[in-house]
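Participant: no FASTA, just this:
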């Protein structure tokens with residue numbers, strides 16, 4: 001009976017380690033994917049649509065502790081056309097270093113990661129945009145993608161020539177996730193400024209920070225530097241719903257697994273109850289030899305605690321082993337997914353939470369039978 005109890009606790013503990021590690025892996029995967037388009041920090045004006053080139057001191061921002069790079073970007077909705085196909089896309093104008101610093105070049109499915117072919121502006125588009133427009137890469141030299149933006153200060157319906165239209169060949173196709181693949185067209189910053197009639201203006205200032213620096217601390221420093229007229233958001237804040245949803249699902253799962261663990265500890269209660277009932281004669285002998293009721297109760301409490309501790313230790317060990325094997329050998333594959341193997345990642349806070357939960361359940365499962373059934377079966381007070 002004790003072995004069965006240990007096995008149950010071990011299986012539930014192992015499942016908790018593996019499941020929480022899977023949620024951590026998904027969160028890390030999401031964060032890695034968003035890094036390709038969302039900088040660590042972004043600065044946008046609160047009362048205007050654009051930032052004037054001379055309104056922010058980039059050198060001052062770069063002088064702050066932990067700052068690595070500070071670049072301008074333009075982001076706006078435009079109309080994309082190709083061979084009679086149309087759809088709304090988000091044009092993202094970036095500086096030339098963006099492709100390499102963001103890692104976008106590693107996400108290419110076709111073509112090259114270059115925003116300037118033959119010294120002329122070129123674009124990199126999401127695979128979803130390519131399919132929606134039925135774009136053909138081999139035609140780009142003579143049939144480029146066309147982008148249309150409403151001219152600033154003009155309204156549709158009052159002026160038939162309210163659009164600025166520019167052609168730009170597609171150099172590469174990227175695939176990150178459905179959010180980016182279906183909407184984004186990456187172009188040089190100067191091309192976006194011309195298309196959108198921006199003159200010494202840009203949409204946002206994007207900031208990269210050093211590895212290991214707290215996003216929240218860095219955000220506060222930049223916010224103090226730029227003042228109250230600008231809003232500084234971290235990557236986590238920009239995609240708050242995505243991250244919160246994953247964390248909510250993770251801890252909701254932890255609570256459910258906690259209830260399963262609590263139910264599993266009833267096996268320990270049953271095992272100790274049977275043991276106390278079976279050892280009634282031995283308890284009376286120990287009592288007659290001078291053992292105090294507290295000592296006898298402590299013996300059975302330690303028995304229950306050992307069952308729980310051994311089961312939890314085995315479960316933690318097996319869980320960590322499975323996570324290690326998945327990380328290094330890919331036991332579970334993801335066919336057609338963003339990655340080849342299901343992502344997993346160990347977090348010390350998760351292990352601590354599991355440990356606290358198992359200890360709590362172990363104490364409850366050991367105290368209840370010791371306090372109640374030693375009194376009922378052995379007459380101890």
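Facilitator: Structure's in. What do you need? Predicted model, so just to flag it, every value in this text is computed and none were measured.
Participant: alpha carbons only for contacts and neighbour counts from here, please
Facilitator: Noted.
Participant: Mind telling me what element residue 359 is part of?
Facilitator: Element membership for residue 359 (DSSP states H and E) is helix 348-378.
Participant: same question for that helix, mean pLDDT?
Facilitator: Throughout helix 348-378, pLDDT has a mean value of 77.
Participant: Over to stretch 131-149?
Facilitator: Rounded mean pLDDT across stretch 131-149 is 91.
Participant: In it, which residues are buried?
Facilitator: 133, 135, 137, 143-149 (16 or more other C-alpha atoms under 10 Å).
Participant: Mark out where each domain of this protein begins and ends.
Facilitator: Listed by automatic domain parsing, the domain ranges of the chain are 2-32+242-378, 39-235.
Participant: lowest-confidence stretch among the ones you listed?
Facilitator: Looking at the domains of the chain, the weakest mean confidence is domain 2-32+242-378, a mean of 81.
Participant: Residue 223 reaches residue 232, doesn't it?
Facilitator: Yes. Between residue 223 and residue 232 there is a contact under C-alpha atoms under 8 Å: 5.8 Å.
Participant: of those two, who's got more company?
Facilitator: residue 232 (26 against 18; other C-alpha atoms under 10 Å).
Participant: so is that one in a helix, a strand, or just coil?
Facilitator: strand (DSSP: H, G, I helix; E, B strand; the rest coil).
Participant: which outside residues touch stretch 214-227?
Facilitator: Applying C-alpha atoms under 8 Å, 6 or more residues apart in numbering, the contact partners of stretch 214-227 are 40-41, 56, 60-61, 64-67, 209, 230-234.
Participant: now do stretch 40-48
Facilitator: Contacts of stretch 40-48 (C-alpha under 8 Å, 6+ apart): 50-51, 203-209, 215, 219, 229-235.
Participant: quick one, helices of the protein?
Facilitator: Secondary structure of the chain (DSSP state H): helices located at 2-34, 58-62, 98-102, 127-133, 178-181, 189-195, 215-226, 235-238, 240-264, 266-278, 280-288, 293-329, 348-378.
Participant: just to revisit the earlier point, tell me which of the buried residues of stretch 131-149 fall in strands.
Facilitator: 145-149 (DSSP state E).
Participant: Tabulate those residues (JSON lines), appending distance to residue 6.
Facilitator: Output for these, formatted as JSON lines (distance: C-alpha to C-alpha, whole Å):
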{"residue": "145", "distance to residue 6": "64"}
{"residue": "146", "distance to residue 6": "66"}
{"residue": "147", "distance to residue 6": "65"}
{"residue": "148", "distance to residue 6": "67"}
{"residue": "149", "distance to residue 6": "67"}
